[in-house]
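> got a predicted model here, sequence first, then my questions.
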Amino acid sequence: MMAEFAQPPPPARWLLFLTVAVGGMRTEPSFAAAGDAAPPGKIAVVGAGIGGSSVAYFLQQHFGPQVQLDVYEKAVVGGRLATVTVNKQSYESGGAFFHSLNLHMEDFVQQLGLKHRREVAGKSAIFTGEQFVLEETDWYLLNLFRLWWHYGMSFLRLQMWVEEVMEKFMRIYRYQAHGYAFSHLEELLRSLGGDTFVNMTQRSVVESLLEVGVTQRFIDDVIMAILRANYGQSVLVPAFAGAMLLAGAQGNRWAVEGGNKLVCSGLLKLTKANIIHARVTTISLHSSEGKPLYQVHYENEDGPGSNFYDIVVIATQLHDSKNNITFQNFDPPIAEFPGTFHTTVTSIVHGYLNSSYFGFPDPKLFPFASVLTTEAPGLFFNSMDNICPINISNTFKRKQPQEAAVWRVHSQHPLEKQELKMLFRSYYSVQVTEWQVCPDYGSVKNLPPIILHDSLFYLNTMEWAASSMEMSAVAAKNVALLAYNRWNHDVEKIDQKDLMHKVKTEL
Ligand SMILES: Cc1cc2nc3c(=O)[nH]c(=O)nc-3n(C[C@H](O)[C@H](O)[C@H](O)COP(=O)(O)OP(=O)(O)OC[C@H]3O[C@@H](n4cnc5c(N)ncnc54)[C@H](O)[C@@H]3O)c2cc1C
């Protein structure tokens, strides 16, 4: 789903950080043994996407296996990690790739004994509706030359900017490996990159890139195309969300053999979490021996029910009125969550590409597996990719453009019949999913809270800084640590300042 015009090796400084951070994760102390307070009896997680399943895993890592974990899921395990089946083969329809520097995701894949899916090479291009402004070739040096020829030093400046942001962001893995948690998203960001990171959630990516010398032309052509393909939004998205996305668009990307959602089901199986297939409707506050107790009310085909918990983690969007979770007996009441989520429509089309639409009358000569688009009047889709199934054998070859292939088209609205006809000469099937893909980044200014009440946490706050599988996993680790440290009154491990110095001097 992300463009890869040139694939340089990962920058050396990132690699160094990676080694240090992974080292930190491996030597993580067992927190399960460290707490003084009696462990909680029951914990509820609402949502079984990557956020919910990874928080279940981390909560168990910290509190130990004796704690009962109930995970509520109203639809299917995986959430926005999902597949559709075409001709007996399955394809990713939601979250498609993660990056090799996504350390939590990499760790999950390793722990669960899953495999990286084999990458099948394919070239990308950027289309304006009339012509291609940038076309990838098979030659790395030629790609670099083309970028330089069209856009001067902008590509290099972008790389340096992204690298600087990522180097700071990756501090989170060391902080988390040392057991530190944050009770506000602003605090987390500030500890990584100072006020600059907090400001990056308020100013646009275009502003930040212009400031470091990236040209408007490069932004309009390349940055715009990457943002449209992934967030479905423009270069006005906040700089932090933009930087995280652009980092993921470069270098080594992976998907899980058999489907990314295997990470969610695998983590839930590993923790032996009790999956309750029900929609949570209300969370109400009670107390027991001076401690809060949360009653989770739910509905499923057997009717309504409820259970009591010491700790509750909400691992879904609360801005989405469809989820409709209400909060009762809280004083002060839990405020409404303003803002909206952005809709992206994914159409998985099995058919013959109409290469003439792109200026290639002979389909055999159409060289691209991935087409991104700039913002232009009349352009009705954001991106389209000739996709590979979730299981790839060693002999698998990507379908040629003259053959019937499976294409994933992202658009703002469901494609009309005549729009499908423009992109495809003919097609066998179209499967449409309407996703609430990520926050509409212009819709609110302030970041939502992580702590809704003493032991009631909101994981998807993180999406308002940036949205991806890894961001959900980072948020999950933070919430698990926060819940654990608060339960054990370990204030030294929450919202600490000068953490870079502290983790350097800690064993
Ligand atoms: C089309 C698309 C492409 C993407 N591409 C990428 C990519 O290439 N790389 C990447 O890193 N990210 C990508 N993403 C983003 C990534 O998929 C998400 O950021 C991530 O999966 C979010 O996980 P989550 O667990 O936080 O939320 P979700 O996956 O949304 O999980 C929330 C779960 O909660 C359940 N739920 C909601 N309300 C209730 C309730 N009241 N009671 C019980 N259960 C409830 C839902 O059914 C859902 O299963 C993409 C997303 C989409 C849609």
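Received the coordinates, thanks.
> C-alpha from now on. contacts and neighbour counts both.
Noted.
> pretty sure residue 180 contacts residue 490?
No - taking contacts as CA atoms under 8 Å, residue 180 lies outside contact range of residue 490: 10.0 Å.
> using CSV, write out every CA atom in stretch 58-71.
Coordinates of each C-alpha in stretch 58-71 appear next as CSV, following Å, rounded to 0.1, in the frame of the first residue of the first chain:
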residue,chain,number,x,y,z
PHE,A,58,1.3,-7.2,27.5
LEU,A,59,-1.1,-7.1,30.5
GLN,A,60,-0.5,-10.8,31.1
GLN,A,61,3.3,-10.3,30.7
HIS,A,62,3.2,-7.8,33.5
PHE,A,63,0.4,-9.0,35.9
GLY,A,64,1.1,-12.7,35.4
PRO,A,65,-0.9,-15.7,34.1
GLN,A,66,-3.2,-15.9,37.2
VAL,A,67,-5.2,-12.7,36.1
GLN,A,68,-8.4,-13.5,34.2
LEU,A,69,-8.4,-11.6,30.9
ASP,A,70,-11.7,-11.2,29.0
VAL,A,71,-11.6,-9.7,25.5
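> which residues of the stretch 301-450 of the chain lie near the ligand?
Taking CA under 6 Å from any ligand atom as the contact definition, the stretch 301-450 of the chain meets the ligand at 315-316, 323, 325, 435, 437.
> so which of those residues belong to strands?
435, 437 (DSSP state E).
> can you give me the strands for the stretch 351-500 of the chain?
Under the criterion DSSP state E, counting those that start in this stretch, the stretch 351-500 of the chain contains strands at 368-373, 383-386, 405-411, 424-439, 451-453, 456-458.
> partners of the fourth one, with directions?
It refers to strand 424-439. strand 341-353 (antiparallel) (DSSP bridges).
> looking at the strands of the stretch 351-500 of the chain, which is nearest to residue 272?
strand 456-458 (21.5 Å; CA to CA).
> and the ligand, is that closest one touching that?
No - counting by CA under 6 Å from any ligand atom, the ligand is not contacted by strand 456-458; separation bottoms out at 10.4 Å.
> so, low pLDDT: which residues of this protein?
1-36, 251, 320-323, 507 (pLDDT under 70).
> residue 180 and residue 490: which has the busier surroundings?
Ranked by neighbour count (other CA atoms under 10 Å), residue 180 and residue 490 place residue 180 first, with 25 against 14.
> tell me who's in contact with the closest residue to that one other than its chain neighbours.
Excluding the flanking residues, the one nearest residue 180 by CA to CA, 6 or more residues apart in numbering is residue 493, at 4.7 Å. By CA atoms under 8 Å, 6 or more residues apart in numbering, the contact set of residue 493 is 179-181, 485.
> would you check how far apart residue 493 and residue 447 are?
Distance of residue 493 to residue 447, given as CA to CA, to the nearest Å: 22 Å.
> thinking again about what came up before, roughly how far does the residue nearest to residue 180 sit from residue 310?
Distance from residue 493 to residue 310, by CA to CA: 21 Å.
> show me where the stretch 51-200 of the chain has helices.
Here the stretch 51-200 of the chain has its helices, by DSSP state H, counting those that start in this stretch, at 103-111, 140-151, 154-169, 171-177, 185-199.
> give me the buried positions along the last one.
Right, helix 185-199. For helix 185-199, the neighbour count (16 or more other CA atoms under 10 Å) marks 185-193, 197-199 as buried.
> list the contacts of it.
Residues contacting helix 185-199 (CA under 8 Å, 6+ apart): 165, 168-169, 171-172, 181-182, 240, 447-450, 461-462, 495, 497-499.
> filter those down to just the buried residues.
165, 168-169, 171-172, 181-182, 240, 447-450, 461-462, 495, 499.
> tell me the buried residues in the host helix or strand of residue 299?
Take DSSP states H and E as the rule and residue 299 turns out to sit in strand 291-300. For strand 291-300, the neighbour count (16+ other CA under 10 Å) marks 292-299 as buried.
> what of stretch 216-235?
218-219, 221-235.
> with stretch 414-432 instead?
Counting neighbours by 16+ other CA under 10 Å, one finds that the buried residues in stretch 414-432 are 414-415, 420, 422-424, 426-427, 430, 432.
> what sits up against that stretch?
84, 345-355, 357, 380, 404, 434.
> and with 7 Å instead?
345-354, 357 (CA atoms under 7 Å, 6 or more residues apart in numbering).
> also stretch 449-461?
183-184, 311-317, 334, 448, 472, 475-476, 479, 483.
> inside helices: which ones of these?
Judged by DSSP state H, the contacts of stretch 449-461 include 472, 475-476, 479, 483 as members of helices.
> what residues does the stretch 151-300 of the chain have near the ligand?
So the stretch 151-300 of the chain meets the ligand at 278-281 (CA under 6 Å from any ligand atom).
> which of those residues fall in helices?
Counting by DSSP H, no part of these is found in helices.
> now those as JSON lines including distance to residue 213?
JSON lines is the format used below for these (distance: CA to CA, whole Å):
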{"residue": "278", "distance to residue 213": "51"}
{"residue": "279", "distance to residue 213": "49"}
{"residue": "280", "distance to residue 213": "48"}
{"residue": "281", "distance to residue 213": "49"}
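> and of those, the nearest to residue 375?
Nearest to residue 375 among those, with distances taken as CA to CA, is residue 279, at 38.3 Å.
> any idea how far residue 54 is from residue 178?
Residue 178 sits 18 Å away from residue 54, going by CA to CA.
> looking at these two, which is more packed in?
residue 54 (30 against 21).
> I figured that one hits residue 476, correct?
Yes - under the contact definition of CA atoms under 7 Å, residue 54 touches residue 476, with a separation of 6.0 Å.
> any shared contact partners between these two?
Shared contacts of residue 54 and residue 476, defined by CA under 7 Å, 6+ apart, are absent.
> returning to that earlier point: now, the contacts of residue 493 that are in strands?
Within those, no residue falls in strands by DSSP E.
> nearest to the ligand, of those?
Proximity of these to the ligand (CA to the nearest ligand atom) peaks at residue 181, which lies at 18.3 Å.
> quick one: contacts for the closest one?
Here residue 181 is in contact with 478, 481-482, 493-495 (criterion: CA under 7 Å, 6+ apart).
> tally of neighbours for residue 334?
For residue 334, using other CA under 10 Å, the count is 13.
> next one: residue 285
18.
> against which helices or strands is the one helix or strand residue 263 maps to packed?
If you go by DSSP H and E, residue 263 is part of helix 262-271. Secondary-structure packing of helix 262-271 (3 or more CA pairs under 7 Å, 6 or more residues apart in numbering; DSSP states H and E): helix 50-63.
> is the ligand contacted by the helix it packs on?
Yes - Helix 50-63 reaches the ligand (CA under 6 Å from any ligand atom) through 50-52.
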